[in-house]
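*Asks:* the sequence isn't on hand, but the structure is:
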Ligand SMILES: C[S@@+](CC[C@H](N)C(=O)[O-])C[C@H]1O[C@@H](n2cnc3c(N)ncnc32)[C@H](O)[C@@H]1O
(Lines give C-alpha, C1' and ligand atoms only; values in the text may rest on other atoms or scores of the structure.)
Protein backbone atom coordinates (compact mmCIF):
# COMPACT_ATOMS: atom_id res chain seq x y z
CA UNK A 1 0.00 0.00 0.00
CA UNK A 2 2.65 2.50 1.06
CA UNK A 3 5.05 1.71 -1.78
CA UNK A 4 2.16 2.39 -4.14
CA UNK A 5 1.54 5.71 -2.35
CA UNK A 6 5.20 6.55 -2.63
CA UNK A 7 5.23 5.88 -6.38
CA UNK A 8 2.01 7.82 -6.87
CA UNK A 9 3.21 10.90 -5.00
CA UNK A 10 6.72 10.83 -6.44
CA UNK A 11 5.16 10.77 -9.88
CA UNK A 12 2.77 13.65 -9.05
CA UNK A 13 5.55 15.82 -7.69
CA UNK A 14 7.86 15.14 -10.66
CA UNK A 15 6.94 18.42 -12.34
CA UNK A 16 8.85 21.66 -11.99
CA UNK A 17 5.89 23.60 -10.61
CA UNK A 18 4.62 23.23 -7.03
CA UNK A 19 1.30 21.47 -7.47
CA UNK A 20 0.01 22.64 -4.09
CA UNK A 21 1.71 26.01 -4.41
CA UNK A 22 4.39 27.69 -2.34
CA UNK A 23 2.13 29.54 0.06
CA UNK A 24 0.94 27.93 3.31
CA UNK A 25 -2.69 26.90 3.73
CA UNK A 26 -4.92 29.81 4.70
CA UNK A 27 -5.93 28.26 8.05
CA UNK A 28 -2.29 28.41 9.14
CA UNK A 29 -1.51 31.78 7.58
CA UNK A 30 -4.66 33.41 8.95
CA UNK A 31 -3.88 32.22 12.48
CA UNK A 32 -0.13 32.77 12.42
CA UNK A 33 -0.59 35.21 15.31
CA UNK A 34 -0.88 32.11 17.53
CA UNK A 35 2.60 30.91 16.57
CA UNK A 36 5.10 31.46 19.35
CA UNK A 37 8.01 31.82 16.93
CA UNK A 38 10.39 29.47 18.67
CA UNK A 39 10.82 25.78 19.41
CA UNK A 40 10.41 22.73 17.27
CA UNK A 41 7.81 22.05 14.61
CA UNK A 42 6.76 18.89 12.79
CA UNK A 43 4.91 18.90 9.47
CA UNK A 44 3.24 15.52 8.89
CA UNK A 45 2.82 14.43 5.25
CA UNK A 46 4.52 17.66 4.30
CA UNK A 47 4.36 17.24 0.51
CA UNK A 48 6.29 19.96 -1.31
CA UNK A 49 6.86 21.79 1.95
CA UNK A 50 4.74 24.95 1.77
CA UNK A 51 3.62 24.68 5.42
CA UNK A 52 6.92 23.40 6.85
CA UNK A 53 8.72 26.31 5.21
CA UNK A 54 6.17 28.74 6.67
CA UNK A 55 6.85 27.31 10.15
CA UNK A 56 10.59 27.77 9.59
CA UNK A 57 10.00 31.35 8.40
CA UNK A 58 8.14 31.86 11.68
CA UNK A 59 11.14 30.84 13.74
CA UNK A 60 10.58 27.11 14.29
CA UNK A 61 13.22 24.42 13.86
CA UNK A 62 11.17 22.39 11.48
CA UNK A 63 11.09 18.75 10.54
CA UNK A 64 9.09 17.81 7.44
CA UNK A 65 8.14 14.15 7.04
CA UNK A 66 6.65 12.48 4.00
CA UNK A 67 6.79 9.25 2.02
CA UNK A 68 7.74 11.06 -1.20
CA UNK A 69 11.44 11.69 -1.84
CA UNK A 70 10.51 14.08 -4.66
CA UNK A 71 8.21 16.02 -2.33
CA UNK A 72 10.93 16.28 0.28
CA UNK A 73 13.47 17.45 -2.32
CA UNK A 74 11.06 20.17 -3.44
CA UNK A 75 10.48 21.13 0.21
CA UNK A 76 14.23 21.62 0.73
CA UNK A 77 14.42 23.64 -2.50
CA UNK A 78 11.54 25.84 -1.33
CA UNK A 79 13.26 26.40 2.00
CA UNK A 80 16.45 27.45 0.14
CA UNK A 81 14.44 29.77 -2.08
CA UNK A 82 12.89 31.43 0.99
CA UNK A 83 16.21 31.62 2.84
CA UNK A 84 15.35 29.26 5.71
CA UNK A 85 16.37 25.75 6.57
CA UNK A 86 14.24 22.73 7.36
CA UNK A 87 15.06 19.14 8.14
CA UNK A 88 13.39 16.46 6.08
CA UNK A 89 12.87 12.80 6.79
CA UNK A 90 11.52 10.05 4.60
CA UNK A 91 8.82 8.48 6.74
CA UNK A 92 6.11 5.96 6.05
CA UNK A 93 3.28 6.97 8.36
CA UNK A 94 1.93 3.42 8.17
CA UNK A 95 4.83 2.46 10.46
CA UNK A 96 5.59 5.61 12.37
CA UNK A 97 7.22 6.06 15.73
CA UNK A 98 8.20 9.39 17.18
CA UNK A 99 9.38 10.76 20.51
CA UNK A 100 6.76 11.81 23.05
CA UNK A 101 6.43 15.48 24.12
CA UNK A 102 8.87 16.54 21.41
CA UNK A 103 7.22 19.31 19.37
CA UNK A 104 5.94 22.81 20.11
CA UNK A 105 4.00 22.88 16.87
CA UNK A 106 2.52 20.08 14.77
CA UNK A 107 1.01 20.63 11.34
CA UNK A 108 -1.03 18.17 9.34
CA UNK A 109 -2.78 19.26 6.17
CA UNK A 110 -4.64 17.28 3.55
CA UNK A 111 -3.72 13.90 4.98
CA UNK A 112 -5.76 11.47 7.03
CA UNK A 113 -4.75 8.31 8.78
CA UNK A 114 -6.79 8.00 11.94
CA UNK A 115 -4.36 5.46 13.40
CA UNK A 116 -1.79 8.20 13.98
CA UNK A 117 -4.06 10.51 16.01
CA UNK A 118 -2.75 9.14 19.36
CA UNK A 119 0.87 9.46 18.16
CA UNK A 120 0.28 13.05 17.07
CA UNK A 121 -1.14 13.94 20.48
CA UNK A 122 1.68 12.30 22.37
CA UNK A 123 4.36 13.89 20.14
CA UNK A 124 3.07 17.35 21.09
CA UNK A 125 4.71 19.06 24.08
CA UNK A 126 2.42 20.31 26.84
CA UNK A 127 1.50 23.81 25.70
CA UNK A 128 2.20 22.85 22.08
CA UNK A 129 -0.10 23.79 19.22
CA UNK A 130 -1.60 21.64 16.52
CA UNK A 131 -3.05 22.83 13.23
CA UNK A 132 -4.95 20.18 11.29
CA UNK A 133 -7.04 20.49 8.15
CA UNK A 134 -8.31 17.84 5.77
CA UNK A 135 -11.25 16.74 3.66
CA UNK A 136 -14.64 15.86 5.10
CA UNK A 137 -17.33 13.48 3.93
CA UNK A 138 -19.00 16.37 2.08
CA UNK A 139 -16.08 16.28 -0.35
CA UNK A 140 -17.39 12.98 -1.77
CA UNK A 141 -20.06 15.04 -3.56
CA UNK A 142 -17.31 16.61 -5.63
CA UNK A 143 -14.68 13.91 -5.99
CA UNK A 144 -14.30 10.15 -6.18
CA UNK A 145 -12.08 10.14 -3.14
CA UNK A 146 -11.92 7.03 -0.97
CA UNK A 147 -14.34 7.03 1.95
CA UNK A 148 -11.52 6.18 4.41
CA UNK A 149 -9.65 9.36 3.40
CA UNK A 150 -12.36 11.76 4.53
CA UNK A 151 -13.42 12.88 7.98
CA UNK A 152 -16.92 12.42 9.31
CA UNK A 153 -18.66 15.55 10.55
CA UNK A 154 -17.16 16.56 13.91
CA UNK A 155 -14.62 13.72 13.74
CA UNK A 156 -11.55 15.95 14.03
CA UNK A 157 -13.18 17.87 16.87
CA UNK A 158 -13.92 14.63 18.73
CA UNK A 159 -10.48 13.13 18.03
CA UNK A 160 -8.68 16.08 19.66
CA UNK A 161 -11.30 16.94 22.28
CA UNK A 162 -8.97 16.23 25.21
CA UNK A 163 -6.82 19.15 24.04
CA UNK A 164 -7.93 22.75 24.39
CA UNK A 165 -9.64 23.53 21.10
CA UNK A 166 -8.88 27.08 20.00
CA UNK A 167 -10.58 26.89 16.64
CA UNK A 168 -12.70 24.52 14.59
CA UNK A 169 -14.73 24.85 11.42
CA UNK A 170 -16.26 22.77 8.67
CA UNK A 171 -16.41 24.28 5.22
CA UNK A 172 -18.44 23.07 2.24
CA UNK A 173 -18.37 25.55 -0.57
CA UNK A 174 -17.37 25.89 -4.23
CA UNK A 175 -16.46 22.22 -4.60
CA UNK A 176 -14.29 22.17 -1.48
CA UNK A 177 -15.21 20.49 1.78
CA UNK A 178 -12.88 20.21 4.72
CA UNK A 179 -12.56 20.56 8.47
CA UNK A 180 -9.93 22.69 10.20
CA UNK A 181 -8.79 22.57 13.78
CA UNK A 182 -6.38 24.41 16.06
CA UNK A 183 -5.75 23.01 19.52
CA UNK A 184 -3.29 23.36 22.35
CA UNK A 185 -2.08 20.50 24.59
C1 LIG B 1 -2.46 15.89 -0.47
S2 LIG B 1 -0.73 15.79 -0.09
C3 LIG B 1 -0.61 17.01 1.16
C4 LIG B 1 0.73 17.68 1.22
C5 LIG B 1 0.86 18.83 2.22
N6 LIG B 1 0.46 18.47 3.55
C7 LIG B 1 0.11 20.04 1.74
O8 LIG B 1 -1.03 20.27 2.20
O9 LIG B 1 0.64 20.75 0.89
C10 LIG B 1 -0.64 14.27 0.82
C11 LIG B 1 0.78 13.88 1.22
O12 LIG B 1 0.75 12.69 2.00
C13 LIG B 1 1.91 11.94 1.71
N14 LIG B 1 1.69 10.54 2.11
C15 LIG B 1 0.76 9.67 1.63
N16 LIG B 1 0.87 8.48 2.24
C17 LIG B 1 1.89 8.59 3.14
C18 LIG B 1 2.48 7.69 4.09
N19 LIG B 1 2.07 6.44 4.23
N20 LIG B 1 3.50 8.15 4.84
C21 LIG B 1 3.96 9.43 4.70
N22 LIG B 1 3.43 10.32 3.83
C23 LIG B 1 2.40 9.91 3.06
C24 LIG B 1 2.08 12.11 0.21
O25 LIG B 1 3.39 11.85 -0.23
C26 LIG B 1 1.69 13.57 0.02
O27 LIG B 1 2.81 14.43 0.06
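*Replies:* The structure has been received and is ready for your questions. Quick caveat, the model's predicted, so the values are computed rather than measured.

*Asks:* name the nearest residue to the one residue in the chain that gets nearest to the ligand, ignoring sequence neighbours.
*Replies:* Here the residue of the chain nearest the ligand is residue 47; by CB to the nearest ligand atom that distance is 2.6 Å. For glycine as for every other residue, the C-beta is placed from the backbone atoms N, C-alpha and C. Closest residue in space to residue 47, ignoring its immediate chain neighbours: residue 71 at 5.0 Å, by CB to CB, 6 or more residues apart in numbering.

*Asks:* shouldn't the one you found be in contact with residue 9?
*Replies:* Yes: the criterion here is CB atoms under 8 Å, and residue 71 meets it with residue 9 at 6.1 Å.

*Asks:* so what sits against both of these two?
*Replies:* With contacts taken as CB atoms under 8 Å, 6 or more residues apart in numbering, residue 71 and residue 9 have residue 47 as neighbours in common.

*Asks:* more neighbours: these two, which one.
*Replies:* Neighbours per residue (other CB atoms under 10 Å) separate residue 71 from residue 9, with residue 71 holding more: 26 against 19.

*Asks:* can you pull up the most central residue in this protein?
*Replies:* The centre of the chain sits closest to residue 108, judged by CA atoms, centre = their mean, with a distance of 2.0 Å.

*Asks:* now do the contacts for that one.
*Replies:* Contacts of residue 108 by CB under 8 Å, 6+ apart are 43-45, 120, 130-134.

*Asks:* and the ligand, which of the residues you listed reach it?
*Replies:* Among the contacts of residue 108, the ones lying near the ligand by CB under 6 Å from any ligand atom are residue 45.

*Asks:* burial measure for residue 10, as a count.
*Replies:* Quick note: residue 10 (other CB under 10 Å) scores 15 neighbours.

*Asks:* now it: which helix or strand?
*Replies:* For residue 10, the element it lies in under DSSP states H and E is helix 2-13.
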